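# What shape does this take:
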Amino acid sequence: PPQPSSTSGGGGGGGGGGGGGIIIDTTPPETPKNLQVLGGPDQVVIIWQNPQDQDYVRTIIVRKEGSVPASSSDGQRIYEGTGQEFTDTNLTPGVTYYYAVYSFDRASNYSRGAVGSTVLGSSTEQEISVKRIEAQKPVSCVSTPTLARNLYQGVRSEDVKMLQTILKQQGYFTYPEITTYFGAITRGAVERFQCAKLGICSGSPSSNGYGSVGPRTRAALGGGTACATPPPPVAAGRITRWLLLGSEGLEVSSLQQILQAQGYFPSAQRITSYFGPITQQALQQFQCAKLQVCSGSPDATGYGATGPRTRALLK
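Now for the predicted structure:
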């Protein structure tokens, strides 16, 4: 069968013209980067990185059979959102599927497409799992200056823009636009940063600095070079893809919760996003009880992995 490929190309577009002294935005955002189109045994996993443009809004994926999508409207739109991974299901074996990933901004300017193609069975689930884990490692580094003064909700300044940029690079500020205003969204991002980095997870700006940027928080925010890590994919509370030892993501959390509710995952064990030996053992016990699959391996019998038969019972 054809091998997976990934190259930049495809069509994109800009906005219209301008006149009458009105400036119209016709500049599209950057093309999504590092696209991987991975054909598993029964589904296609698509991984990419969203642009960092200040006016970036969302990403779409267009699928087509027979040829690469020539534009954002040439084919079936199968995804729209701000995630950085999507699993395409209900596909036909032997068919080559072509995908184009576009970003667009507030003026509905679409980037050029990052394109790739694959067929089912081109990659094993273990290969896909490794590539997913690699995609979650830091991928881009940006130099940032040091904050020089305290910041809190209600402040409007260029320092707030700097703060939002630092928090966005570290995955805490998720609003698509960088602004000069310290509002509720910025405060929430600061609080998440403080909880993760300083162990301050409650309180107030006046009592312990929670939600504001004081000396300790400024020191933790630092400066110099910060690396952005793609956020984990968003799960919908059900299992839609293969999971096995070493997998990470919110679907692993969903798997653990399902297994815990049915008595296979230890009730005293904390729910995490990592598929480790405890999760593997719980899944194997489930498979032995429900499917009479009590030995083997993920590749040979699906033992210890969430293949199609196992997923059908994980509800």
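# How is this protein partitioned into domains?
Here the domain assignment for the chain is 5-135, 140-228, 250-313, based on automatic domain parsing.
# How far does the shortest one stretch from one end to the other?
It refers to domain 250-313. One end of domain 250-313 to the other measures 19 Å (CA to CA, to the nearest Å).
# quick one on the thing from earlier: figure out which of the domains of the chain is closest to Thr240.
Shortest distance between Thr240 and the domains of the chain, using CB to CB, is found for domain 5-135: 5.3 Å. Quick note: C-beta positions are derived from backbone N, CA and C, even for glycine.
# Next up, the contacts around Gly276.
With contact set as CB atoms under 8 Å, 6 or more residues apart in numbering, Gly276 has these partners: Leu245.
# now do Pro176
Contacts of Pro176 by CB under 8 Å, 6+ apart are 55-57, 82.
# The stretch 201-315 of the chain: helices as residue ranges?
All helices of the stretch 201-315 of the chain, identified by DSSP state H, counting those that start in this stretch, fall at 215-221, 250-261, 277-291, 308-313.
# Mind putting those helices into JSON lines with distance to Leu244?
Below are the helices of the stretch 201-315 of the chain laid out as JSON lines (distance: least, CB to CB, whole Å):
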{"stretch": "helix 215-221", "distance to Leu244": "36"}
{"stretch": "helix 250-261", "distance to Leu244": "10"}
{"stretch": "helix 277-291", "distance to Leu244": "8"}
{"stretch": "helix 308-313", "distance to Leu244": "11"}
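# Using CSV, lay out those together with mean neighbour count, mean pLDDT and distance to Arg106.
Listed next are the helices of the stretch 201-315 of the chain as CSV, based on neighbours: other CB atoms under 10 Å; pLDDT from 0 to 100; distance: least, CB to CB, whole Å:
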stretch, mean neighbour count, mean pLDDT, distance to Arg106
helix 215-221, 16, 87, 28
helix 250-261, 19, 88, 28
helix 277-291, 18, 93, 41
helix 308-313, 15, 89, 38
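# out of these, nearest to Pro32?
Nearest of the helices of the stretch 201-315 of the chain (CB to CB): helix 250-261, 20.7 Å.
# Tell me the helices and strands packed up against the closest one.
Counting contacts by 3 or more CB pairs under 8 Å, 6 or more residues apart in numbering; DSSP states H and E, helix 250-261 is packed against helix 277-291.
# and the direction of the helix it packs on versus that of helix 250-261, what angle?
Counting by axes from the mean of the first three to the mean of the last three CA atoms, to 10 degrees, helix 277-291 lies at 60 degrees to helix 250-261.
# Return helix 277-291 as CSV; C-alpha atoms alone will do.
What follows is helix 277-291 as a C-alpha-only set of coordinates in CSV (Å, rounded to 0.1, in the frame of the first residue of the first chain):
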residue,chain,number,x,y,z
PRO,A,277,1.9,-1.1,34.5
ILE,A,278,-1.1,-0.7,36.9
THR,A,279,-3.4,0.4,34.1
GLN,A,280,-2.1,-2.4,31.9
GLN,A,281,-2.8,-5.0,34.6
ALA,A,282,-6.3,-3.6,35.2
LEU,A,283,-7.0,-3.7,31.4
GLN,A,284,-5.8,-7.3,31.1
GLN,A,285,-8.0,-8.4,34.0
PHE,A,286,-11.0,-6.7,32.2
GLN,A,287,-10.1,-8.4,28.9
CYS,A,288,-9.8,-11.8,30.6
ALA,A,289,-13.2,-11.4,32.3
LYS,A,290,-15.1,-9.9,29.4
LEU,A,291,-13.4,-11.2,26.3
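# Quick one: list the elements packing against it.
Partner elements for helix 277-291 (3+ CB pairs under 8 Å, 6+ apart): helix 250-261, helix 308-313.
# Which of the contacts of Pro176 ranks first by neighbour count?
Within the contacts of Pro176, most neighbours by other CB atoms under 10 Å means Tyr56, with 21 neighbours.
# closest to Gly188 out of the helices of the stretch 201-315 of the chain?
helix 215-221 (14.0 Å).
# for that closest one, packing partners?
Helix 215-221 packs on helix 158-169, helix 184-197, going by 3+ CB pairs under 8 Å, 6+ apart.
# Run a quick neighbour tally on Ala148.
The tally of other residues near Ala148 (other CB under 10 Å) stands at 9.
# Okay then, goodbye and thanks.
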